[in-house]
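[1] Could you work out the structure for the sequence below:
(chains A and B)
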Amino acid sequence: MNAFESIIIAVDAVRSQKLRSGLTLLSIGIGVFAIIAATSLMTTLNRAVTGQLADLGENSLLIQRTPTINFGTNWAKMRRRKNITYMQAKEFRDRMATTNMVAISNQNPGQTIKSGEESTNPDVTLIGIDDMYFTVNAVSVSSGRPVTEAEVNTSRPVAIVGEDIVTALFPRIDPIGQRITIKNQTFSVIGVLTKKGGVMGQSQDNRVLIPITVFNKYYTWEWDASVDISVKAVSKDMLPVTMDEATGIMRALRKVKPWEENSFEIDANDALGGQFVGFTTALLVVAWISGLGALIAAGIGIMNMMLVSVKERTREIGVRKALGARKRWIVRQFLIESITLCQLGGITGMIGGVLTSWGVTEILRNSNMPMLMFVFPTSTVIFSVAICTIIGLGFGIYPAWRAANLDPIEALRYE
Amino acid sequence: MSRPIIEISNLVKRYEMGDEEVYALRDVSLTIGTNEYVAIMGPSGSGKSTLMNMLGCLDTPSSGTYLFNGENVREMDDDDLAEIRNREIGFVFQTFNLLPRATALQNVELPLVYSGSSKEERRRRAEDALTRVQLADRMTHRPNELSGGQRQRVAIARAIVTAPSIILADEPTGNLDTKTGHDIMALFRELWQAGNTVILVTHEEDIARHAMRIIRLRDGRIESDTTNPDA
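    Presented below is the predicted three-dimensional model:
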């Protein structure tokens, strides 16, 4: 008997005990749901936030239309804010006097990068940059060269790729000079970013930089999308001065009346990112603990159900043994049954979890967090399948062992 | 006499009930050869069931020897016993013991599943066996769609599908009406005439009378072992 037939028997057993199996499946589903939904949502949020904050180096400011982290702020008011257009940002850059380190950028996560037959996962962050990006954000290239001012001004299709992209697309060849495609636009690779490693499981090397002028043409959500401005003060002491100057210029450019509050966000890049990551990590830990708790409770439910099932099918087991089923056949049959049960519940929870986090991401994005991009939680899904298998095995082994060791004579006599 | 399949000598089965030792079988010696048709009779408590469990390799003796086709059953472990049951013994039970959610064909295929036959071979042999018990037109029926007599025929098909050395039937007509019971007994006779070895365990004289040899047990011992004059 192959595994497939055992699975059919298992599904059949589930169908014959709809209510009992349904309740057990539900508890597995809830556990998996909690883990998937929480991880997926937190990954999405973290990706958006760390993606924006982690780049900024010391003594730097970030100016954005709306705050990256927005808990309890008035969303309606935020939404009415006008975009910081590329033109406005350039005007701002030209007016800044206390520092000339001003970089304008915008980003769009969740891109797929292709080269020939090869393609990356759809989770690459595409960043539109100008030539100052490297200085202000302390970013450097390990080979090739950065983007030049001329390339930005003339919208050249050039790209600088992170190490993850190199690994995925050009594992054996020099990426410099190769062509890559992003949403049907072709770019030549002119440089490779110095490896940075990850923040909160999100790789800082899984990104592609292109001139912001090109970015604005093809990869923004709306026409004349809002850009981010990063400003680096010449020293730590100068940071407050630069902040005052930047605030003043932005207010003037955006015609904010003296009695009105800022129509943009300006933040020194200090502990903000760290706080956010700490917050989401805490939430994640809580979600995982409760999810795993639910799964263990579900495992006990599975064990109970399998024990009842063994008891009810004592006679069937006796018949199978009389007909020559060895112990390992019986063990296998019941193990596959409990694993199938767990997987059925797990898949239900998985679908629920993925749909929920996708829905929540969409709602948040449409309200005030346009930088959020749903990320399919591939590794968590794999983890869930694995943990369901482990629970099926772990809690199914004792009932299966009991079944296999029944005395065939007693079992055949069982009423 | 034909080549022996079952050779039992000085077989004892002892159970421990608390501090007490209960003897289900005391010193039973018995030989059954190929193509014999044997009925084992006895009142309840005579050791009839225990002997059947021994013959069917569901249990091992406490002492004495049991050779099945020359192999010593007493020294076998659970998996060896499972294998010998699968290969050498076809069971027919009083209560049929079919898997309720499987079709007649799937029920008959089951022993072949455990012997590791291929899907095609299982199918072919199960169809042959069901045809032999005149159920060719009921293969996809489930047990609850079949009459008692038909269920027992499915069980018999399951017992013969592996071409076992012995067919071991425990009160095979116990749950059937007289007419159907006779049909089933006719089927056993056919199987015996076709060269099979059939062992019936029964307490009904009417049923035992179909066999060529009748062994009577009492108090764990063989009381008589005679050729049936009526057969």
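[2] Quick one: name the residues of chain B near chain A.
    B:53, B:56, B:58-59, B:78-79, B:82-83, B:85-87, B:91, B:93, B:97, B:99, B:101, B:110-111, B:113-115, B:158 (CB under 8 Å from any CB of the partner chain). Bear in mind the C-beta positions are built from the backbone N, C-alpha and C, glycine included.
[3] ok, now how distant is the residue in chain A that chain B sits nearest to from A:Ala400?
    At 2.2 Å from chain B, A:Gly324 is the closest residue in chain A, using CB to the nearest CB. Separation of A:Gly324 from A:Ala400 (CB to CB, to the nearest Å) stands at 18 Å.
[4] From the chain's centroid, how far away is the host helix or strand of A:Glu91?
    Secondary structure from DSSP states H and E places A:Glu91 in helix A:86-95. Offset of helix A:86-95 from its chain centre (CA atoms, centre = their mean, to the nearest Å): 33 Å.
[5] Which residues does it contact?
    A:63, A:102, A:104, A:132, A:212-213, A:216, A:224, A:227, A:229, A:246, A:249-250, A:253-254 (CB atoms under 8 Å, 6 or more residues apart in numbering or on different chains).
[6] Please save the CA atoms from that helix in PDB.
    Extracted in PDB, the C-alpha atoms of helix A:86-95 (Å, rounded to 0.1, in the frame of the first residue of the first chain):
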ATOM      1  CA  TYR A  86      10.500  65.500  -7.400                       C
ATOM      2  CA  MET A  87      10.600  69.100  -8.600                       C
ATOM      3  CA  GLN A  88       9.900  70.400  -5.100                       C
ATOM      4  CA  ALA A  89      12.600  68.100  -3.700                       C
ATOM      5  CA  LYS A  90      15.100  69.400  -6.200                       C
ATOM      6  CA  GLU A  91      14.200  73.000  -5.300                       C
ATOM      7  CA  PHE A  92      14.700  72.100  -1.600                       C
ATOM      8  CA  ARG A  93      18.100  70.600  -2.400                       C
ATOM      9  CA  ASP A  94      19.200  73.700  -4.200                       C
ATOM     10  CA  ARG A  95      18.100  76.000  -1.300                       C
END
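[7] Now do the same for residue 181: helix, strand or coil?
    This is for chain A. strand (DSSP: H, G, I helix; E, B strand; the rest coil).
[8] hmm, I had chain B in mind actually
    helix.
[9] and it, what is it in contact with?
    Counting by CB under 8 Å, 6+ apart, B:Gly181 has contacts B:Thr173, B:Ile207.
[10] That one and B:Asn72, how far apart?
    B:Gly181 is 37 Å from B:Asn72, by CB to CB.
[11] what number of residues lie near the residue of chain B found nearest chain A?
    Closest contact between chain B and chain A, by CB to the nearest CB, is at B:Asn86 (2.2 Å). If you count neighbours by other CB atoms under 10 Å in any protein chain shown, B:Asn86 ends up with 25.
[12] element containing it, please.
    Using DSSP H and E, B:Asn86 falls in helix B:78-88.
[13] For that helix, buried residues please.
    B:Leu81, B:Ala82, B:Glu83, B:Ile84, B:Arg85, B:Asn86, B:Arg87, B:Glu88 (16 or more other CB atoms under 10 Å in any protein chain shown).
[14] which strands and helices sit next to it?
    helix A:314-322, helix A:327-367, helix B:104-115 (3 or more CB pairs under 8 Å, 6 or more residues apart in numbering or on different chains; DSSP states H and E).
[15] contacts for it?
    Here helix B:78-88 has contacts from A:321-327, B:56-58, B:60, B:68-69, B:71, B:73, B:76, B:91, B:111, B:114-115, B:162, B:164-166, using CB under 8 Å, 6+ apart.
[16] before we move on, the earlier item: let me know the pLDDT of the residue of chain A closest to chain B.
    Per-residue pLDDT puts A:Gly324 at 92.
[17] ok, back up a step: neighbour-wise, which of A:Gly324 and A:Ala400 wins?
    Legend: neighbour count by other CB under 10 Å for A:Gly324 and A:Ala400, higher for A:Gly324 (27 against 23).
[18] Check the secondary structure at that one for me.
    With three-state DSSP as the basis, the three-state label of A:Gly324 is coil.
[19] what's the pLDDT at the closest residue to it other than its chain neighbours?
    Counting by CB to CB, 6 or more residues apart in numbering or on different chains, A:Gly324 lies nearest to B:Asn86, which is 2.2 Å off, once chain neighbours are set aside. In this prediction, B:Asn86 carries a pLDDT score of 94.
[20] Okay then, goodbye and thanks.
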